[in-house]
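*Asks:* Coordinates for the following, if possible.
(one chain, ligands or ions: 2)
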Amino acid sequence: MGTSITIAAGKGGTGKTTISANLGIALAQRGKSVTILDADIAMANLELILGMEGKSRTLQDVLAGECEIEEAIYEGPGGVKVVPAGISLSKLKRVNPERLAGVMESLVDRTDILIIDAPAGLGKEAYIALSMAENLILVVNPEISSLSDALKTKKVAEMCGTNVLGAILNRATGNEFDLTAHHVGAVLETQILTVVPEDSEVKKASAIGVPLVISSPTSKAAIAINRLAAELLGEEYIPPTTPEKKKSILQRLLGGLKLKTRSAP
Ligand SMILES: Nc1ncnc2c1ncn2[C@@H]1O[C@H](COP(=O)(O)OP(=O)(O)OP(=O)(O)O)[C@@H](O)[C@H]1O
Ligand SMILES: [Mg+2]
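*Replies:* Residues are numbered from 1 along each chain as shown. Ligands and ions are numbered 1, 2, ... in the order given. Below you'll find the predicted structure:
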């Protein structure tokens with residue numbers, strides 16, 4: 001039996017799905033068996049970020065009692081397993097969210113780490129994702145509304161006995177109106193696990209449907225996520241080496257001259 005981590009925020013659009021997908025892959029790339037469950041049944045988009053849209057069986061079918069969970073688990077990029085939520089509006093009507101708890105239990109039995117991409121708010125699916133997981137990571141943007149929603153989410157998780165691992169400060173720009181990691185950590189009374197900067201590579205990655213840690217592993221956001229994956233596993237983080245920039249004609253010429261001088265008798 002493995003462990004489970006719900007990625008939640010309270011507020012919509014803070015980066016829960018981006019973090020779920022990329023942290024899941026980063027953990028899998030470090031040798032763990034990882035399953036990512038999209039628990040955002042109403043507004044699913046994990047499958048889009050992972051480039052896995054259009055699967056025949058999804059969480060919607062499982063929650064509607066129309067298939068078994070085994071049929072809705074797919075091989076995703078970077079070695080993760082993925083349970084897409086599905087995007088059919090007609091199936092949505094037949095879904096029974098109460099079945100989500102059982103799905104989480106059965107998935108955690110077959111994987112080292114189950115990552116649950118929670119919906120925004122505190123509706124039924126979000127509540128089940130928060131209360132049934134062993135651990136919680138909050139995804140907060142550096143603004144007051146995001147912070148206050150994260151605080152509510154944390155309180156609900158604590159009331160349910162879920163262990164709060166900490167918060168990720170996502171989309172930090174460093175401008176003067178941003179809340180700092182220090183502020184966020186102090187208000188939430190939890191540790192800031194990592195600061196992920198605002199990074200245009202994130203949007204590029206979702207536009208091409210290839211997750212950031214694969215499409216742009218040397219981007220600042222990917223480095224922050226990879227570092228967190230290493231820390232969660234208690235491993236040392238070694239940053240990737242950026243490819244050497246092409247030398248200018250002048251540098252090549254000077255290099256050549258140096259070589260000749262050295263080899264001269
Ligand atoms: N670090 C970042 N830098 C730049 N853009 C980002 C970053 N993180 C997330 N985004 C962008 O923010 C938007 C929302 O991200 P995402 O879908 O992951 O949020 P969410 O919390 O899952 O949203 P929802 O509540 O709708 O499920 C996306 O367009 C994503 O590309
Ligand atoms: Mg999302």
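*Asks:* give me the number of residues near whichever residue of the chain sits closest to ligand 2?
*Replies:* For the chain, the residue closest to ligand 2 is residue 17, as judged by Cβ to the ion, at 3.3 Å. In short, each C-beta sits where N, CA and C put it, glycine included. Residue 17: 26 surrounding residues under other Cβ atoms under 10 Å.
*Asks:* Likewise for residue 170?
*Replies:* By other Cβ under 10 Å, 27 other residues sit near residue 170.
*Asks:* any idea how far the closest residue to it other than its chain neighbours is from ligand 1?
*Replies:* Among residues not flanking residue 170 along the chain, residue 15 sits closest, at 4.0 Å (Cβ to Cβ, 6 or more residues apart in numbering). Distance of residue 15 to ligand 1, computed by Cβ to the nearest ligand atom, to the nearest Å: 4 Å.
*Asks:* Which pLDDT value does the model give residue 15?
*Replies:* With respect to pLDDT, residue 15 has a value of 98.
*Asks:* That one contacts residue 167, doesn't it?
*Replies:* No. Here residue 15 lies out of contact with residue 167, judged by Cβ atoms under 8 Å, at a distance of 11.6 Å.
*Asks:* what about those two, which has more around it?
*Replies:* The residue with more neighbours, out of residue 15 and residue 167, is residue 167; 28 against 21, by other Cβ under 10 Å.
*Asks:* where exactly do the helices run in this structure?
*Replies:* Taking DSSP state H to define them, one finds helices in the chain at 16-29, 46-49, 59-63, 89-92, 100-108, 124-132, 144-159, 181-188, 200-208, 212-215, 220-232, 249-263.
*Asks:* Point out the other helices and strands that the third one packs with.
*Replies:* By that I understand helix 59-63. helix 89-92, helix 100-108 (3 or more Cβ pairs under 8 Å, 6 or more residues apart in numbering; DSSP states H and E).
*Asks:* for the second one, same thing?
*Replies:* Contacts defined by 3+ Cβ pairs under 8 Å, 6+ apart place helix 46-49 against helix 16-29, strand 34-38, helix 200-208.
*Asks:* low pLDDT regions in the stretch 151-265 of the chain?
*Replies:* 242-250, 252-265 (pLDDT under 70).
*Asks:* What residues does the stretch 151-265 of the chain have near ligand 1?
*Replies:* 170, 171, 196, 198, 199, 202, 203, 206, 221 (Cβ under 6 Å from any ligand atom).
*Asks:* could you redo the last one with a cut-off of 8 Å?
*Replies:* Residues of the stretch 151-265 of the chain lying close to ligand 1 by Cβ under 8 Å from any ligand atom are 170-172, 196-203, 205-206, 221.
*Asks:* which one of these is nearest residue 78?
*Replies:* residue 205 (12.2 Å; Cβ to Cβ).
*Asks:* list the contacts for that closest one?
*Replies:* 49, 211, 212, 215, 216 (Cβ atoms under 8 Å, 6 or more residues apart in numbering).
*Asks:* If we use 7 Å, what do you get?
*Replies:* 211, 212, 215, 216 (Cβ atoms under 7 Å, 6 or more residues apart in numbering).
*Asks:* mind checking how far it is from residue 179?
*Replies:* With distances taken as Cβ to Cβ, to the nearest Å, residue 205 is found 25 Å from residue 179.
*Asks:* ok, now residue 34?
*Replies:* 30 Å.
*Asks:* So between the two, which is more surrounded?
*Replies:* Set residue 34 next to residue 179 and count neighbours by other Cβ under 10 Å: residue 34 wins out with 27 against 18.
*Asks:* hang on, the earlier thing: you'd agree the residue nearest to residue 170 is up against residue 139?
*Replies:* Yes. Between residue 15 and residue 139 there is a contact under Cβ atoms under 7 Å: 5.1 Å.
*Asks:* where do the contact lists of the two overlap?
*Replies:* residue 170.
*Asks:* Got the confidence number for residue 88?
*Replies:* We have a pLDDT of 80 for residue 88.
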